[in-house]
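Novice: This is a predicted model, with the sequence first.
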Protein chains: 2
Amino acid sequence: MQVLFATSNKHKVLEANVVGKRFGVEFKQLKMSYPEVRDNSVSKVALEGVKYVYSKVRKPVVVEDSGLFVKALNNFPGSFSRYVFDSIGIQGILDLMYARKNRQAYFLSTIAFHDGKVLKAFEGRVDGLISRKPSGSSGFGFDPIFIPKGSKKTFAEDAVFKSKVSHRVKSVEMFCKWFK
Amino acid sequence: MQVLFATSNKHKVLEANVVGKRFGVEFKQLKMSYPEVRDNSVSKVALEGVKYVYSKVRKPVVVEDSGLFVKALNNFPGSFSRYVFDSIGIQGILDLMYARKNRQAYFLSTIAFHDGKVLKAFEGRVDGLISRKPSGSSGFGFDPIFIPKGSKKTFAEDAVFKSKVSHRVKSVEMFCKWFK
């Protein structure tokens, strides 16, 4: 079964297809941008996004929004993660965390689906810590500074572990189970 | 002449009315929220916002969006200033600027007006520097760390100077000249 995945980020589609394969679901990238509401809820951003994309393509489609939520920074950068990554980057987060003892953080991913009738969201979460310095080169975004619970390596150092526990793997799994 | 000003921030209305008085224009606060597009252009946010608010109230109305753009931080926090202020605050900006020699920054303010026929935007800008520590207690937002060109005091230390050169004073002046 095939479903469109509206995103400009091919990494997201690659990650989704690794999971989808196990369920016989194939995600096909649709390079289409959509208005993102300015809200610190990734679910709200994904749900509003998928409604917009569906209204344009009139085919079953998913949209994903995700973010890194850092406890000591009042959940900054949250659903604004991409903008923050593009402006102050990984070093910006490390500068903000310089004197912080509490390194707790989590990633959230929401997959929102719409086919004109059903509108549904699936949220995945992974807890972990912000590292003291960037490490590793796989993945993308804030992966080099996020150490998931149960590991001593960052997401960017251990793609295999990431593919088992990541927020996106969880949200995609939930979607696939429901979709098929 | 009266015009509605859609905002939850009463400080913005107070500042606008100080300018409006000189032109015989009175801004009346309309406490109404509107979807903010996730775009680092304050003009785009204000224009999309005023179209939405007009569609609800069907009366001539203005919306203002503003932001602090820091050169060394790739224009962060820009039009996301309110969200950044609410999460990492003034100290967050100072932490990000800790080792930076280039302290250049500017504030932008856009007033967008719509009455169902005319849709217009007025942009004001003030250049300055990010201070090494917060100072002063007047104003709001990032005022305590912004030193405008031509002064040695922050906006929060010198409300009189702010009322002459600020980004919002400039955008409101442009709007009032055109409106009356």
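Specialist: Received it, and whenever you're ready, just let me know what you need. If you're wondering where the values come from, they're calculated on a predicted model, not measured in any experiment. Numbers count the residues shown, from 1 in each chain, chains lettered A, B, ... in the order given.

Novice: quick one: the residue nearest in space to the middle of chain A from A:Phe76, how far?
Specialist: Centroid-nearest residue in chain A, with C-alpha atoms, centre = their mean: A:Ser66, separated by 3.3 Å. Noted for A:Ser66: a distance of 15 Å to A:Phe76, by C-beta to C-beta, to the nearest Å. In this view, the C-beta of every residue, glycine as well, is placed from N, C-alpha and C.

Novice: Any idea how far whichever strand or helix holds A:Lys21 is from the middle of the chain?
Specialist: Here A:Lys21, judged by DSSP states H and E, is contained in helix A:10-23. Here helix A:10-23 is found 12 Å from its chain centre; the criterion is C-alpha atoms, centre = their mean, to the nearest Å.

Novice: next helix or strand past the longest helix belonging to chain A?
Specialist: Counting residues, the longest helix found in chain A (DSSP state H) is helix A:42-57. The helix or strand immediately downstream of helix A:42-57 is strand A:61-70, counting by DSSP H and E.

Novice: So which elements touch that next one?
Specialist: Helices and strands touching strand A:61-70, by 3 or more C-beta pairs under 8 Å, 6 or more residues apart in numbering or on different chains; DSSP states H and E, are strand A:2-6, helix A:42-57, strand A:77-78, helix A:81-87, helix A:89-96, strand A:104-114, helix A:167-179.

Novice: which strands and helices sit next to the last one?
Specialist: Using 3+ C-beta pairs under 8 Å, 6+ apart as the contact criterion, the elements in contact with helix A:167-179 are helix A:10-23, strand A:61-70, strand A:104-114, strand A:119-130.

Novice: ranking the ones you listed by burial, who's on top?
Specialist: With neighbours defined as mean count of other C-beta atoms under 10 Å in any protein chain shown, the helices and strands packed on helix A:167-179 peak in mean count at strand A:61-70, which reaches a mean of 26.

Novice: any idea of the angle that one forms with helix A:42-57?
Specialist: 160 degrees (axes from the mean of the first three to the mean of the last three C-alpha atoms, to 10 degrees).

Novice: Parallel or antiparallel, list what pairs with strand A:61-70.
Specialist: Strand A:61-70 sits in its sheet next to strand A:2-6 (parallel), strand A:77-78 (antiparallel), strand A:104-114 (antiparallel), going by DSSP bridges.

Novice: what mean pLDDT does the second one have?
Specialist: Here strand A:77-78 scores 95 as its mean pLDDT.

Novice: Let me see the residues that make contact with it.
Specialist: Contacts to strand A:77-78, defined as C-beta atoms under 8 Å, 6 or more residues apart in numbering or on different chains, come from residues A:40, A:42, A:67-70, A:83-85, A:93, B:87.

Novice: Close to chain B: what parts of chain A are there?
Specialist: Counting by C-beta under 8 Å from any C-beta of the partner chain, the positions of chain A adjacent to chain B are A:35-38, A:40, A:45, A:73-78, A:80, A:83-84, A:86-88, A:92, A:95-96, A:98.

Novice: Need the residue in chain A that's farthest from the chain's center.
Specialist: Distance-from-mean max, chain A, by C-alpha atoms, centre = their mean: A:Ala99 at 27.1 Å.

Novice: State the distance from the nearest residue to A:Arg22 once chain neighbours are set aside to A:Leu4.
Specialist: Of all residues not flanking A:Arg22 in the chain, A:Cys176 sits nearest, at 7.5 Å (C-beta to C-beta, 6 or more residues apart in numbering or on different chains). Distance, A:Cys176 to A:Leu4, by C-beta to C-beta: 15 Å.

Novice: Of these two, which one has the most company?
Specialist: A:Cys176 (22 against 18; other C-beta atoms under 10 Å in any protein chain shown).

Novice: doesn't A:Val25 make contact with the more buried one?
Specialist: Yes. Using C-beta atoms under 8 Å, A:Cys176 is in contact with A:Val25, at 4.7 Å.

Novice: if we can go back for a sec, out of the helices and strands packed on strand A:61-70, nearest to B:Arg103?
Specialist: Evaluated with C-beta to C-beta, the helices and strands packed on strand A:61-70 place helix A:89-96 nearest to B:Arg103, the distance being 15.3 Å.
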